[in-house]
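# here is a sequence together with a model predicted from it:
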Amino acid sequence: MHQFKIWAPLAKKMAVQVNGSVLPMEGPDEQGFWQLKVDDAAPGADYGFLIDFDSTPYPDPRSEWQPNGVHDLSRVYDQNAFAWSSPSSGAQFQSTPLASAIIYELHLGTFTERGTLDAAIEKLDYLVDLGITHVELMPVASFCGEYGWGYDGVALYAVHEPYGGPDALKRFVNAAHTKGLSVLLDVVYNHFGPVGNYTGKFGPYVTDSHHTPWGGAVNLEDAGSHQVRRFFCDNALMWMRDFHIDGLRIDAVHAFMDRSAIHFLEQLAIETETLGASLARRLVLIAESDLNDPRIVTPRDAAGFGLDAQWSDDFHHALFAALCREPAGGYYADFGSIRQLAKALEQSYVYDGIYSPYRNRTHGRPAAHLSQHRFLGFIQNHDQVGNRAIGDRIGQIVGLHRAKIAAALVLLSPFVPMIFQGEEWAASSPFQYFADHDDPQMARLVSEGRKREFSAFGWNPDSIPDPEERQTFERSKLNWKETAEREHAEMLAWYRDLIRFRRSTSSLNDGEPGHTRVAYHEEQKWIRMKRGAVTVLCTLGDSTQSFHVAAGSYLALASRAALEIDGGLIVLPPDTIAAVCEPEREE
């Protein structure tokens, strides 16, 4: 027996097609829900909903299984059938605290050659050996076509079938937990994808009152929004409760248009906290936001929204612009000085209530009072690589030595560090924007739009990879054989050393505001970051620089060989970074 239930407040009549029969549903109730119990509908039964006089059966907006794609019938899925093994079952697995995390972002379709969740399980031992604590999966919710980034999901409750479907995600989480790895999941709640979204046939999920760069905004404040918010909150809770996901990364929260007394993010934080208490598990919420608004990661009892952390775009932009010799464009026009990199390291936000030339307005609010563990630091992520014209990576842009500097400043910074797949061995494969829209017009618009976007920046249109060509997806797959090859192996060893140094050094796990002190020289382009007993020295100029260090200090790490401390002095050639430790003080 299965009870079918659907929110369709505008429908005059509803029916469910299941087991070859079309059965009228009862309703609507006062909230607009229709329902029907069907005795012979068991897990594995395919079904769809018929609205009014439309004879087409549409997939369930809350479908937990779309085995034949987002346009086809839904399938009944039993969330309780999977056999979890210890320690993933119940409350036995406890996620590593976010403050001590090393996060690894990956895209399932390109992380391995097979591009599945089961194939990714085979790489978990590698991640453990690297020192990773949290694996962050780019979106797995079902989207149109076989491959894509996942940010155009339309069946938000169903795991994309080419990745393996719902049981495969449970196998992945189960395996990760067994190895002590936490799993974070990227979710998109600010818009639906442009192809395969049938929610509008059922109710006002999208509003015409606001718009996003990707289409209509999700209805978070207009009529019917209480059920739309319920749809997204229930989705979040499902991933953490039924799939044992340890936390969510919420895409582009700046695109939420919500003037409600209780903001959607605050509601989600409240319900996540309640679920975590019920399950006796540590659950986290991480935002992507370009608002530079500290309220997002301020606790609710201090009048904030109560999320645990956010991606730190200002740190990334400041670091990238300081490293990169190419002309600044777009939002990088706001960055480029060593001073800004120093400010990001000390105060988290660069734009904290000051004028932004790129935006032509004042932007942000100070966050220097917040723990810096509220912010994730990175030099690469799917956006910062994939949104470049050809998807090139930091090592290809600035060279090996500066890529080593970038890695060190991320992993030795006061922020929670995040690595993007392949970054740790300077992978040669790009990460390009790819999609597989089965609507020919949409595919054409995406291809033409990509060329038009980068042609405006001076790129030859013929050099821009076509997102809709399969080869664009295939060339973005990681080549794991590189990990043992020369410079790739050298970079991998560097990342391993940095991660182990961070995790074994108490000063580098201190996120207290005001405890990171940075000195710099704008013209000579050097920077000195002091974090407790650790001093990080970096040269980005064209000349050799000498630095005095405390008596008794020793060299812990250096990006070049043959460096040493001599007479309380260390000499660094251009494009070099080193970490120096002061001797332990006697109590």
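Noted; the coordinates are in hand.

# which residues of this structure score low on pLDDT?
For the chain, the stretches with pLDDT under 70 are 86-91, 327-328, 456-458, 584-587.

# let's see that with 80 instead.
Across the chain, the ranges flagged by pLDDT under 80 are 86-92, 214-215, 325-329, 453, 455-459, 584-587.

# quick one: the helices in it?
Applying DSSP state H to the chain gives helices spanning 108-111, 117-121, 124-130, 165-178, 225-242, 264-279, 313-323, 338-347, 382-386, 394-398, 400-411, 440-455, 470-474, 486-504.

# mind putting those helices in a markdown table, mean neighbour count and distance to I419 included?
All C-beta spots, glycine's among them, are computed from the backbone N, C-alpha and C. Listed next are these as a markdown table, based on neighbours: other Cβ atoms under 10 Å; distance: least, Cβ to Cβ, whole Å:
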| stretch | mean neighbour count | distance to I419 |
| --- | --- | --- |
| helix 108-111 | 25 | 13 |
| helix 117-121 | 21 | 15 |
| helix 124-130 | 15 | 8 |
| helix 165-178 | 22 | 16 |
| helix 225-242 | 18 | 22 |
| helix 264-279 | 17 | 25 |
| helix 313-323 | 24 | 13 |
| helix 338-347 | 22 | 18 |
| helix 382-386 | 21 | 12 |
| helix 394-398 | 20 | 11 |
| helix 400-411 | 24 | 8 |
| helix 440-455 | 15 | 26 |
| helix 470-474 | 16 | 22 |
| helix 486-504 | 17 | 7 |
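
# list the contacts of stretch 437-448.
Residues outside stretch 437-448 that contact it (Cβ atoms under 8 Å, 6 or more residues apart in numbering) are H71, C144, G145, P194, V195, A435, D466, P467, E468.

# mind listing what the fifth one touches?
The one in question is V195. V70, C144, G145, D152, V154, H437, D438, D439, M442.

# what would those residues look like in a markdown table with distance to V549?
Converted to a markdown table, the contacts of V195 look like this (distance: Cβ to Cβ, whole Å):
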| residue | distance to V549 |
| --- | --- |
| V70 | 59 |
| C144 | 57 |
| G145 | 56 |
| D152 | 51 |
| V154 | 57 |
| H437 | 57 |
| D438 | 61 |
| D439 | 62 |
| M442 | 59 |
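
# among the residues you listed, the buried ones, what's the PyMOL command?
Remark: buried members of those, expressed as a PyMOL selection using 16 or more other Cβ atoms under 10 Å:
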select buried, resi 70+144+145+152+154+437+442
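
# buried set for stretch 515-535?
Within stretch 515-535, the residues that count as buried by 16+ other Cβ under 10 Å are 516, 518, 520, 525-535.

# should've said stretch 4-12
F4, I6, W7, A8, P9, A11.

# before we move on, back to that, just flag the most distant two among the contacts of stretch 437-448.
The most widely separated members of the contacts of stretch 437-448 are H71 and D466, with 23.3 Å between them, by Cβ to Cβ.

# between those two, point out the one with more neighbours.
Neighbour totals were compared for H71 and D466, and D466 leads with 18 against 15 (other Cβ atoms under 10 Å).

# surely the more buried one is in contact with D436?
No - the criterion here is Cβ atoms under 8 Å, and D466 misses it with D436 at 11.7 Å.

# that older thread, and E424, which of the helices of the chain is closest to it?
E424 lies closest to helix 486-504 among the helices of the chain, at 4.0 Å (Cβ to Cβ).

# relative orientation of that closest one and helix 400-411 in degrees?
Between helix 486-504 and helix 400-411, the angle comes out at 20 degrees (axes from the mean of the first three to the mean of the last three Cα atoms, to 10 degrees).

# P461: how many residues sit nearby?
11.

# G449 is in contact with that one, correct?
No - the criterion here is Cβ under 8 Å, and P461 misses it with G449 at 11.6 Å.

# between the contacts of stretch 437-448, which sits nearest A558?
Nearest to A558, judged by Cβ to Cβ, of these is P467 at 40.9 Å.

# show me the contacts for that closest one.
If you count contacts by Cβ under 8 Å, 6+ apart, P467 has them with Q432, Y433, F434, A435, V446, S447, R450.

# so which of these is the closest to A493?
Each of the contacts of P467 was scored against A493 by Cβ to Cβ, and Q432 proved nearest at 27.5 Å.

# quick one on the thing from earlier: among the buried residues of stretch 4-12, which two are most distant?
Distance extremes for the buried residues of stretch 4-12: the farthest pair is F4 and P9 at 16.5 Å, using Cβ to Cβ.

# would you agree S455 is in contact with P461?
Yes - counting by Cβ under 8 Å, S455 touches P461, with 4.9 Å between them.

# number of residues surrounding the nearest residue to G247 once chain neighbours are set aside?
In space, and not counting its chain neighbours, G247 is closest to V284: 3.5 Å by Cβ to Cβ, 6 or more residues apart in numbering. Residues near V284, counting by other Cβ under 10 Å, number 21.

# use 35 as the first number for this chain going forward.
Yes, from this point I'll number from 35; that puts the last item at V318.

# V318 against I279, yeah?
No - using Cβ under 8 Å, V318 makes no contact with I279, being 10.1 Å away.

# can you list residues touching both of these two?
Common neighbours of V318 and I279 (Cβ under 8 Å, 6+ apart) are L218.

# which parts of the stretch 85-234 of the chain are strands?
Assigned by DSSP state E, counting those that start in this stretch, the strands in the stretch 85-234 of the chain fall at 108-109, 137-140, 168-171, 175-177, 187-193, 216-221.

# ok now stretch 269-278, how far from the chain's centre?
Here stretch 269-278 shows a centroid-to-chain-centroid distance of 17 Å under the convention Cα atoms, centre = their mean, to the nearest Å.

# what sits up against that stretch?
By Cβ under 8 Å, 6+ apart, stretch 269-278 touches 98, 113, 118, 122, 127, 190-191, 200, 203-204, 207-208, 211, 217, 219, 221, 223, 279-282, 302, 305-306, 309-310, 313, 317.

# kindly report the same for stretch 369-387.
With Cβ under 8 Å, 6+ apart as the contact definition, stretch 369-387 has outside contacts at 326, 328, 346, 348-349, 351-356, 362, 368, 396-402, 404, 406, 408-409, 443, 447-449, 550-556, 559-561, 563, 574.

# show me what contacts the residue nearest to G250 when sequence neighbours are not counted?
Nearest residue to G250, sequence neighbours excluded (Cβ to Cβ, 6+ apart): V240, at 4.0 Å. V240 makes contact with H225, F226, T233, G234, G249, G250, A251, V252, N253, according to Cβ under 8 Å, 6+ apart.
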